[in-house]
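**Student:** Quick one, fold the following:
(chains A, B and C)
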Amino acid sequence: MVKKLFSLIILALLVIMLLPLMTDFAPFAELSRVAEKYVQKGPAEVGGQNLVTSVIVTYRGLDTLGEIAVLFIATAGIGFLLGKSSGKHKRSEASQLVNTGTAFLLPIILLFGVFIFLHGHLTPGGGFQGGVVIASGILLFVLANADSQISSNLLHWIEDLSGAFYVIIGLLGLILAGGFLDNSILPLGQFGKLISAGAIPLIYTLIGLKVGAELVGILNNMQRSQ
Amino acid sequence: MVSPIYIFIIALGIGFLLSLFDKAGRAVAMTIFYGALLAMAFISGQWLLHLLQGAEAEIITTAGFQPPFSINLKMGLLEAFFTFLINTLGFLAGIYLLPKFKSQKIYGMILFLMLIMGLNGLVMTGDMFNLFVFLEITSIATVSIIAIEKNLKSISAGFKYVIAGGIASAFYLIATIFLYRFTGVLNIAMMAETLNVASSQAVFLSVFILMIAVIVELKPFPANGWALDAYEAVDSGVVAVIASGTSAAMLFVFYKISPLLNNTLLLTAAGIGLATFTFSNLLALKQKNAKRLLGYSSIGQIGLIITAYALLVRAGYARNSEIVMLTTGGLFINHFLAKAGLFWLSGVVEKEKLEEWSTLRNNPILLFAFAVFVIALVGLPPFPGFFAKWQLVMTFANQGLFFWIGLILLGSFLEAIYLFRWLGKVLKSDLKAELKAKISQIFPILIYLLAILIGGGYLSRLINQGTSLSILYLPVLFIVFLFFIDFLPVAIKNTLVILVGSYYTYLIIPQLSGYRVMLGVIFLAGGVLLFIPGYFKRGKRTGFYPLAVMMYVGLAGLLISENTLQFFTSWELMTLGSYFLIIRGKKSEPHALSYMLFSIGGAFVMLFGFGILYYVNGNSMALSSLGNIESMAGIIYALLGIAFLTKMASIGLHIWLPGAYGEAEADVSPMLSAILSKAGMFGLLMLMAAIQTANLGSINLPYVLGWLGAITVFIGNLLAIYQEDAKRLLAYSSVGNLGYILFGLALMSHMGWLTSITYALNHFLFKALLFLAIGGVVYRVKTKNMYEMGGLIKKMPLSFVSVLIGIIALSGVPPLSGFAGKWLTYNAVLEKGWYLQGVIVIIGGLIAFLYCFRLIYAVFLGQLKDKHRQVKEAPVWFLIPQVILIGAIMLFSTYPAFILGPVGKMLNDILPENALIWENLDAYSIYGHWNGFLIMMITGGIFVIVFLWLYFLNRKAQKVKQFNIVYAAERPSRPELTHVGYNFFAHYKKALGSLSQPYVTKFWNTMADIFHSSAGFIRRIYTGDGQTYILHIIIFIVVVYFLTIGG
Amino acid sequence: MLLTIILGIILIVLGLWGMLSQKNIIKIIIGFSIMDTGIHLLILSIGYIKDRTAPIMNQAVQSAGQVIDPVPSALVLTAIVIGLAITALMLTYAVKLYEIKGSLEISDFKELKW
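**Tutor:** Alright, predicted model coming up:
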C-alpha cells in the first residue's frame, strides 16, 4: 500500500513535470518547413496521391525498412523464445456460426487486404494495414478450423523473399536512380492512378505480404505454444 | 569504395534470407552469416582507413533527397571508428557464439545480425526518429537474443530489460515529437542549429526528456537494476555485445544529441555520470558474483565517460576536439576491450563466484589476459585507461574542476579495491576445477588482448607530451620479451636479467646527477645484486622475471624522469611490478591487496597533486617547476608528500608493510625492503629539494614531517620487538628505519640530508643482508616463527655472521656504518634544535637494540631444536650477495669518506650551510669530529683481543650435552611456550600499554567497514522486482528534472 | 488542439500507473500498451492543424494550406508497428515466464538482485 501511494506521488510529480508540454505549448498553425516541401513538391517528386505514403515509403523510406526489420526481428525473437511446441494442444471445435462466417468472409477479407496495400499511395492505408487485415483473415480461418496447420514453410518463403525483394528494390534505387529506396526506378505514371508513384505499389505489395506473413507467423507461434 | 549503405543492405538482405539458406544446410547458412559479419567489418574498416587519410565524410540520403527532407546516414571518421569497433566486435562475438549458433535455431544468427545492424544504424543515422527506429531494432534484437539461454534467470532478466527499454524509448519518442514541433525538422544537426533551449519551458523540458531517455539507456544509478540483472544472467557471448557494443552505440547517440544540450543539462549529465561511477563502484564492493561485478563496473565506466565528455564540452572544448577524443575515447576503448574480454572469459570459466575464477590458472595465457583486462580497468600503465585518465585529470585541472577530479579518483579507487581483490583471489585461491576452453572462445579474447596492448602504446603517444615516454620504450620491450621467453628455466632468465640489468645500470648511472646517483646505485646496482639469490630456484618461476623487471624499470624511470607524466608512469609501473612480486608469497594475498590499495590510493593523491601543479604553473608538466610554484604550493606539497609517505610506510600509512615484506618470497623481501622502499624516499627528496626553494607560506611542512618521522621511528621499532615472526620483525624494523630517513630529510639541513642519504645506503646494505640471511634460514627451517628456531649458529654459522654484522650496523654501535648515521643525526638535531623529536628518535634507537638482540638470540643461540639437527647452511646463492654486502659495509665503515664526501658535494648545490668538513679521514662538524677508520681499528682491535681471550678460556671448558627437557614427559599443548624467545618482551607490552595498541590498523579497518556496510545497505534498492525497477526509472527522471530546474 | 495532447498525457500516466500498481505481468503489459497509445495520440496531435484535412492530394484539395502535416502521420505508423512488435515480444516473455515458473506475478521473479 505504501508502495502504491509512493508511486502515486511520483506520478503526480511526473504530471507536474510534464505540465509545460500542455500549458506552454502552441500547436502548429502552419505546415512545418519539412511538411511544406512534402506538400508542395511531393506529388511531382514521388507521384503518390497519399502524401503520408510518399513520406513513409520514399522520403523516410529507411524508417520503413527499419520498421519491417523490427517486425521481422520480433517474429524471429518470438520463434527463438518459444522454441518447439510441446505436444499438440486440442482446441474445442468452433461453432457453426464461426465456420459459416469464415467461409463467407475469408475471401472478402483477403481481397480487402490486397486492395488496401495496392491503393496505399492513393488512399489511406498501405502495406502494414493491408498486411494486418490479411493476417486477421487468416486468424479467423485458424479459429474456425481447430485442427488446421498453417504451413510455416510457405510462410517463411513469403516472408523472407518479400523482405529480400524489398531490399533489392531499395538497392536498385541506389544504382538506377537518385539513391537508396528511390521509387523513381519505375516511371511515376499518371498522378492519381493505380499504376503510378513508381515503385511504391510494388514496395507496398511486398510489405503487405511480409507483414501479413509475419503476423500470421507470430500468431502461429503463440498458438502452438499454448 | 563500397558505400556504407551496403552495411545495412548486407545485414538486412542476408538476415531476411538466412532461414532459407538454412534449408540448404546449417553450414551454408553459417558461412553466409560469418561472411556477412566480416563484410560489414570490412566496409567500416575500409572507410576508417580512407577517412584517416583525410577523405571527405560520406553522407547517404534516402531516395536521393537532401536532409532535412530525407533521412541521412553519415560515415565520418568517428562513425567509421565506432562502426568498425562494433562490426569487429560483432564478428568476434559471432565466433565466440559459434557452438551455440551451430546447435540452436537459425533465429539466433538472424537476431545477432540484426543486433549488429541496429548498432550500426544508431551510430550512422542523423535523424532523430530514425534513431528511434534503430533504438528499437537494437532493443528488440537484444531482448530476443537473450533467450539464447532459456533458463529462468535469463528469461526474467530479459523481461525486465524489455520493460525498462520500453519506458526509455517511450520517453525518447515523446521528446522527439515535441522537438519536431519546435524546430520543424527531424534532422538532429539542423535541430541543434535552430533550437534555443532556453526559449521556453516546454523546449527545455523536451530536450531534458530526450537526454534523460538516452541516459536511461546508458544505465544510470539508481535506475539500472534491470541492466545489472541482465549482465548477471545473460549468456556471456551476448552480454559482451551488450556491455561493449551497445554501450558504444549508445554513447555515440549521447554524443550525437549533445549539441542540443545547454550548459545546465550538460552539468546534469555530468552529475548523473559521476553519481553512477561512484555508486556503482561502491556497491560493487559487496559483490560476489563475477558477472554482476562486471556489470557494476561496466555501468560505472560508462558513467565516468559521460561525466568526462559532458564536462569537457561544457568547459568549451569542441565535441570532436582532440582533447575530448583522447580522454573520453581512451576511457571508452579501454572499457570496450577490457569488458568484452572479461565477459568472454566469464563464459570460459563458467563459474559465478569470484574466487572460483582461479581455474584460469590452468591456462597461463588466459590468466595473463585476465590480469591485463583487470589492470587496464583499474587504469594502470601501459593500457589506454591510464593515459586517458592522466589526460583527463590534467585537462580537468586546467579548468579548475578539482571537486570532480577528487570524486573521480575516489570512484577509481573503489574500483581498484574490488578488481585487485578479485585478481588476488584468482591468483591465490585453491585450484578446484579444470578449465575447458574452446578455440572459438580463446580467439576473440586473444585478439582483444592484443588490441588493448597496442591501444595503450598508441594512445600514450597521442596525449600531451606523451612522446616523452619514449625513455621507457626499450625497458618495456624487454619486459615484453621476458614474457615471451617465460617458458625457459630460471638459470637462463636470471643470467639474462643480471646481464641486461648490469648493462642498463652502466648506461643509466653516468646520466644521473646529484643525489640521484646515490639512488641509482641502490636501485640498479643493488637490484642486480639481489637477483643473484634467484639462482636457488628450480623450474621456470613463471611470471617472476617480467614483473620483477617491471618494478626495476619503474624505479629507474623515476630517476630519469623530467616531467610529471614520466614520473607518474614510472611510479605506477613500479607499483604494479612490485604488487606481483609481493603476491607470489604463499600467504600474501591480503597483504598484497593492502599494499596495492595504499599504493593506488597514494598514486591517486599524487595524480591530484600533479593536476593542481599543472593548473597552477601554467600547464607545466616539468618536474623542475615543483620548485617555483606560484600558489597552492602547500596543498601540492602535502598531496605529493602523502603519496611518497605511503610508499615509505610512515606511521598511519604503514599497515601494509609488515605483511607485504613478511610474507614475500625469500629473495623478494630484500628487494622490497632494501630497494623499493627508497622510491618513496626519492620522491620525498625531490619534493624537499623543491620546498627548499619554494615559497610555502604559513604551512611548515618539514616540521610536520619531522614529527611524523620521529614517531615512525619510535612506533616502528616498538612494534618490531613484539613480533614472533622473524621476517615481520625485520619488516617493522624497516618501518622504523624509514622513519629515520624521513626524519633526516625533514631536518632540511646539510647534515640532516647527509644523514638521511647515508642512512638510506646503510639501510640498503644491512636490510638486504638481514633479509637475505633470515630468508636463507627460513628457507632451510621452513618456518618464520622465531620460537620454532634456536641454536642454529652451529648449523648455519655464515648466516649467523651475516645477521650479527647486520644488527651491529642497524643498531648503530661502533665500529660499523650505523654509527656514522647516529653521529650525524645527533649533530643534525643539535644544529636544528629539535630536541624533543631528537629524544624520541634516540629512544627509538634504543628500542632497536631489543629486537636486534631478540633476533640473533632466538634464532641462532640457545637450544637447537630436534628437528633442525639435519639443517644445512643457507644456499650458496644466498651467501654470495651476503658476502658482497658485508664487504661493502666494512668498506663503508672503515672509509666513510668515500661515500660521505661525494654525497656532501651533491648536497652543496641544495643545502650548502654547515656542511661536514673532511680532513683526510677525520670528519669535522660544528660540534665535533669523528674518524671512521680510527674507530674501526680501535674497536676491531678490542674485538680481536676479547675474542682471543675467550677462545683461550674456552679451551678448558667442559662440553655439556643438551638436556631434552621439552619432550621428557608429555607433549606440551603449546610448544612455543617452552621457548624462552616466545613473547620475549611481554613485560614491555604491559608497561607501555596503549602505546602498543594497533590503532592505525583499527582505523583503516573501520574505514573499510564503513564503505562495505554502506554498500550493503544501498544495494538493497535493487530488490529484483521488475516493477520496482520501473519505479526507479520514473523516480530517477522526476527527481533529476526537479534537481536540474531547482539548482 | 490542446485537448488531445492532454488526453495523450493522461493515457501515458494512466499506463504508467498500471505498470506500477498491477502485479500481474499481463496487466503490466496492458499498462505499457496504454502508455504507448497515449504517445501515439500525442504524435498525431502534434501534426494536426485546425480546420484542415488529411494530406491526400486528390481533387478535394486545392492548395497546400488545406492539409495537415503528413510527417507525424507517417511517424505514428512506424511507432504503432514498433509498439506492436514490442508488445508481442513482452507477451511472449510472459508466456515463457509462465511456462517456467507457473506464475504471472511480477514479484515472483526476484532471483536476481543486489
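**Student:** Give me the three-state assignment for the residue sitting nearest the centre point of chain A.
**Tutor:** Chain A has residue A:128 as the residue nearest its centroid, 2.2 Å off, counting by Cα atoms, centre = their mean. Following DSSP: H, G, I helix; E, B strand; the rest coil, the label given to residue A:128 is helix.
**Student:** go on, residue B:59?
**Tutor:** strand.
**Student:** go on, residue B:870?
**Tutor:** Residue B:870 ends up coil, using three-state DSSP.
**Student:** do the same with residue A:98
**Tutor:** Secondary structure for residue A:98, judged by three-state DSSP, is helix.
**Student:** Excluding chain neighbours, what is closest to the residue in chain B positioned nearest to chain A?
**Tutor:** At 2.3 Å from chain A, residue B:64 is the closest residue in chain B, using Cβ to the nearest Cβ. (Each C-beta comes from the backbone N, C-alpha and C, glycine too.) Leaving aside its chain neighbours, residue B:64 sits nearest to residue A:178 (2.3 Å; criterion: Cβ to Cβ, 6 or more residues apart in numbering or on different chains).
**Student:** Cross-check the contact I'm expecting between residue B:647 and residue B:601.
**Tutor:** No. The pair residue B:647 and residue B:601 fails to qualify as a contact (Cβ atoms under 8 Å) at a distance of 11.1 Å.
**Student:** Closest to the mean position in chain C, which residue would that be?
**Tutor:** Of all residues in chain C, the one closest to the mean position by Cα atoms, centre = their mean is residue C:36, 1.6 Å from it.
**Student:** Show the contacting residues for residue B:301.
**Tutor:** Residues near residue B:301 by Cβ atoms under 8 Å, 6 or more residues apart in numbering or on different chains: B:277, B:331, B:335, B:339, B:377.
**Student:** Go through those and say which is closest to residue B:177.
**Tutor:** residue B:277 (32.3 Å; Cβ to Cβ).
**Student:** Identify the residue nearest the closest one in space, chain neighbours excluded?
**Tutor:** The nearest residue in space to residue B:277 (Cβ to Cβ, 6+ apart) is residue B:303, at 3.8 Å.
**Student:** Count the residues that sit near the one you found.
**Tutor:** By other Cβ atoms under 10 Å in any protein chain shown, 29 other residues sit near residue B:303.
**Student:** Please tell me how far the helix or strand hosting it is from the chain's geometric centre.
**Tutor:** Element membership of residue B:303, judged by DSSP states H and E, is helix B:290-314. Helix B:290-314 sits 19 Å away from the centroid of its parent chain (Cα atoms, centre = their mean, to the nearest Å).
**Student:** try stretch B:925-938
**Tutor:** 46 Å.
**Student:** Can you give me the end-to-end span of it?
**Tutor:** Distance between the two ends of stretch B:925-938: 22 Å, counting by Cα to Cα, to the nearest Å.
**Student:** hmm, who's touching that stretch?
**Tutor:** For stretch B:925-938, the surrounding residues in contact (Cβ under 8 Å, 6+ apart) are B:751, B:814-815, B:819-820, B:823-824, B:826-827, B:830-831, B:893-897, B:914, B:916-917, B:921-923.
**Student:** Much appreciated, bye for now.
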